[in-house]
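Enquirer: sharing a model prediction with you, sequence too.
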Protein chains: 2
Amino acid sequence: MKRSNRLVSLTNFFIENPRQHRNLPYFSEKYNAAKASMSEDLDIVDQMLQEEGIGYLHRTSGSAGGVMFIPESTYDNGLAFIDSLCNKLEDPVRILPGGYLYMSDLLGDPKMVREIGRVFASKFSSLDIDVVMTVATKGIPLAYAVASFLNVPVVIVRRDPKVTEGSSVSINYVSGSSRKIQTMVLTKRSLQEDANVCIIDDFMKAGGTITGMINLLEEFNANVAAIGVLAEADDEEEDRVVEDYTSLVKISDVDMIKKRIQVQPGNFSK
Amino acid sequence: MKRSNRLVSLTNFFIENPRQHRNLPYFSEKYNAAKASMSEDLDIVDQMLQEEGIGYLHRTSGSAGGVMFIPESTYDNGLAFIDSLCNKLEDPVRILPGGYLYMSDLLGDPKMVREIGRVFASKFSSLDIDVVMTVATKGIPLAYAVASFLNVPVVIVRRDPKVTEGSSVSINYVSGSSRKIQTMVLTKRSLQEDANVCIIDDFMKAGGTITGMINLLEEFNANVAAIGVLAEADDEEEDRVVEDYTSLVKISDVDMIKKRIQVQPGNFSK
C-alpha cells in the first residue's frame, strides 16, 4: 500500500480509537510496510494532529513500545470554543418562564456535544480516569462525549430504580435549589470498587446533585478524579457545596424583564 | 503544505464532519493548493474510505459543486458487528431477576455505541431524515451516535415534564408489557412541523413506547422516516403494534433455570 493510502487509513484509525495502544508491528503487518516506513508515517500523522491542535501521538520505544493517539485540544482552542458558546447562550430567545435558560438545542447538536466533550477530555487528559459518571438525563450525551475521548466507559445514575438493571445502591440527598430530599440510584454491577471517576453534568447551581453523586461514589468506595459541568449558575444566595470542579460557562444573570442574559466563561478559563 | 500532510488533515476533517458539504475552493484556500491537486487528494481519500468499508466521498461538479463524506458502512460490516453483539449478549451472567438482560455495560461503552450508530446510519443513509428522536434514558446515547453520522440534531422525549424546558406537548399511551397508562412529553420548541424523524430506542417488546413516540409525532405534524431498535424481544403472547422497523438483534429466549440466553440477528440481516 502506498504511503498516501496508509496516511488516510492511519488517521481514521487514530481518530476512531483514541487512547488505544498499538505496537508498531501491528501497523507493519496491517499495511505490509517496513517498520521504518511506518515510523515515518507516524511522524507525519503526529505532526499534522499537533498542527490542527487536536492532540498528538504518544510513542513508546522498546519491546512493549508502540503508539497511542492522545486527543488533547489546545487551551486556546478551548477558550475560543467557550467564547462562541457564551455568545450562543446570551441570545434572549433562550429565556424561559421562571428565569430558566433553553439549552436543549445546543445539547441536541451532536457536533456541539462532541466539542464540549473534547474540551473536558483535554482538561482532564493527564488524570487517571477509569469511568465517566453522570445523572440522567441531560448530562448523558456530554458524558459519552467526554468518555469517547478518554476511551473509558460511562455509568449513568438514575433518579428512579429500574427493575431491569438488577440490584442497586441508592442514596438520598438534599437538592440545593429546592431543598427537597431526592433519591439517586446506581446499579451495583456498573461500577468497580476503587474506580477513579470523572463526574460530568450539564448544569450546577448550589451543587446538590453533584454532591449526591460524590456521596454515591463513597458507597462504592470509588474516588472522584474530576468534576466537569457545562454551565454553572452564579448563585449568590447559597454557598456552593462543591469546590473543586471545572465549568465551561457561568450564567451570571437572567433578567426576564429586560430580556437579557449574561453568560461569561467559567473557571476553565482561569 | 505537502500532500501527505493534507491527506491527514482532510481525513480528520471528513471523519469529524460527516455529511457536511464543502466546495473545492474551500479546501484549495485552506491548504493553499491547486484545484487539480485537491481533486487528486480527494480521490485518494475516497478510495481509502471505501476500501475500509466506512463510506465514500460524494462529489458534485459545477459552480455549486463540492464534496461531502457519506459514512456508510458496508452491509457485511454490519452483519459481522451484529454477530459479535449476539455472542456478547448470550453470556449467561447477563441474566437478571425477572428474566431481564443486563446490557448496561455494552450501552456504557462509547465505542460500542458508536458502532451501533454507524450500522443504523448506514441502513438509513438514503432516507430524508431531519432529526433523531428517542425517549429517556437508555436510547439517548444510541440516538446521538446515529445522529452524529447523519449530521442531524437529537430530540429527547421525557417521561416527566421538566419545568426548565418551557411549554411542552404530552400524550398518554398504553405500555405494551405492563398495560399501564404512561405519559410522554416533548418540549414544543424542540421539533419543527413537517420534520422527518428517525426514532431510535434500545429495546422493543410489544412496541408501546415506539407507538407512543409515533403518536407524539402526529401532535407535531411530523413524519416517521425510520425506526431503529437495538434489541427486540421475541414476544409470542402479544401482537406487535409497530411493523416497519429495523432491529439489530432479537432476544428469542431467556431461560432463568437453564441459565441460557438465545440471541439471534434482528431483521437488519434479512
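Expert: Perfect, I can see it now.

Enquirer: can you check which helix is longest in chain A?
Expert: Using DSSP state H to define each element, chain A has its longest helix at helix A:35-51.

Enquirer: now that helix: mean pLDDT?
Expert: Along helix A:35-51, the predicted confidence averages to a pLDDT of 96.

Enquirer: now do stretch A:246-263
Expert: Mean predicted lDDT for stretch A:246-263 stands at 93.

Enquirer: what's the span of it from first residue to last?
Expert: Stretch A:246-263 has its terminal residues 16 Å apart, counting by CA to CA, to the nearest Å.

Enquirer: what residues of that stretch count as buried?
Expert: For stretch A:246-263, burial by neighbour count (16 or more other CB atoms under 10 Å in any protein chain shown) applies to A:246-251, A:254, A:261, A:263. C-betas here are computed from N, CA, C, even on glycine.

Enquirer: roughly how far out does that stretch sit from the chain middle?
Expert: Remark: stretch A:246-263 is offset 23 Å from the chain centroid, using CA atoms, centre = their mean, to the nearest Å.

Enquirer: so what touches it?
Expert: A:82, A:85-86, A:89-92, A:94-95, A:99-101, A:116, A:119-120, A:123-124, A:204, A:226-234, A:264-268 (CB atoms under 8 Å, 6 or more residues apart in numbering or on different chains).

Enquirer: would you mind measuring from A:Pro265 to chain B?
Expert: Distance of A:Pro265 to chain B, computed by CB to the nearest CB, to the nearest Å: 22 Å.

Enquirer: and that residue, how many neighbours?
Expert: 17 (other CB atoms under 10 Å in any protein chain shown).

Enquirer: stretch A:91-111 near chain B anywhere?
Expert: Yes: using CB under 8 Å from any CB of the partner chain, we find that stretch A:91-111 touches chain B at A:96-98, A:100-102, A:104-105, A:108-111.

Enquirer: next, the buried residues of that stretch.
Expert: In stretch A:91-111, counting by 16+ other CB under 10 Å, buried: A:94-96, A:100-104, A:106-110.

Enquirer: same question for stretch A:57-69.
Expert: The neighbour-count check on stretch A:57-69 (16+ other CB under 10 Å) flags A:57, A:66-69 as buried.

Enquirer: buried ones in stretch A:32-51?
Expert: Within stretch A:32-51, the residues scored as buried using 16+ other CB under 10 Å are A:33, A:38, A:41-42, A:44-46, A:48-49.

Enquirer: would you turn these into JSON lines with distance to chain B?
Expert: Below are the buried residues of stretch A:32-51 laid out as JSON lines (distance: CB to the nearest CB, whole Å):
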{"residue": "A:Ala33", "distance to chain B": "14"}
{"residue": "A:Met38", "distance to chain B": "14"}
{"residue": "A:Asp41", "distance to chain B": "8"}
{"residue": "A:Leu42", "distance to chain B": "11"}
{"residue": "A:Ile44", "distance to chain B": "5"}
{"residue": "A:Val45", "distance to chain B": "5"}
{"residue": "A:Asp46", "distance to chain B": "9"}
{"residue": "A:Met48", "distance to chain B": "4"}
{"residue": "A:Leu49", "distance to chain B": "7"}
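
Enquirer: so A:Ser39 sits against A:Leu24, correct?
Expert: Yes: if you go by CB atoms under 8 Å, A:Ser39 and A:Leu24 touch, sitting 7.1 Å apart.

Enquirer: before we move on, the earlier item: quick one: which two of the buried residues of stretch A:32-51 are the most distant?
Expert: Within the buried residues of stretch A:32-51, A:Ala33 and A:Leu49 form the most distant pair, 19.7 Å apart (CB to CB).

Enquirer: now the buried members of the contacts of stretch A:246-263.
Expert: Buried among the contacts of stretch A:246-263 by 16+ other CB under 10 Å: A:82, A:85-86, A:89-90, A:94-95, A:100-101, A:116, A:119-120, A:123-124, A:204, A:226-233, A:264-266, A:268.

Enquirer: so which of the residues you listed sit within strands?
Expert: Among the buried ones among the contacts of stretch A:246-263, DSSP state E puts A:95, A:100-101, A:204, A:226-233, A:264-265 in strands.

Enquirer: pick out the most distant pair among these.
Expert: A:Ile95 and A:Ala226 (31.4 Å).

Enquirer: one step back: so can I have JSON lines of the buried residues of stretch A:246-263 showing secondary structure?
Expert: Converted to JSON lines, the buried residues of stretch A:246-263 look like this (DSSP: H, G, I helix; E, B strand; the rest coil):
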{"residue": "A:Thr246", "secondary structure": "strand"}
{"residue": "A:Ser247", "secondary structure": "strand"}
{"residue": "A:Leu248", "secondary structure": "strand"}
{"residue": "A:Val249", "secondary structure": "strand"}
{"residue": "A:Lys250", "secondary structure": "strand"}
{"residue": "A:Ile251", "secondary structure": "strand"}
{"residue": "A:Val254", "secondary structure": "strand"}
{"residue": "A:Ile261", "secondary structure": "strand"}
{"residue": "A:Val263", "secondary structure": "strand"}
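
Enquirer: check which element follows the lowest-mean-pLDDT helix or strand in chain A along the chain.
Expert: Ranked by mean pLDDT, DSSP states H and E, the weakest helix or strand in chain A is strand A:100-101, scoring a mean of 84. Next along the chain after strand A:100-101, taking DSSP states H and E as the criterion, comes helix A:104-107.

Enquirer: please list the residues of the stretch 51-200 of chain A that sit near chain B.
Expert: A:51-52, A:54, A:96-98, A:100-102, A:104-105, A:108-111, A:113-114, A:136-137, A:140-141, A:144, A:147-148, A:151, A:153-156, A:158, A:163-166, A:187, A:189-190.
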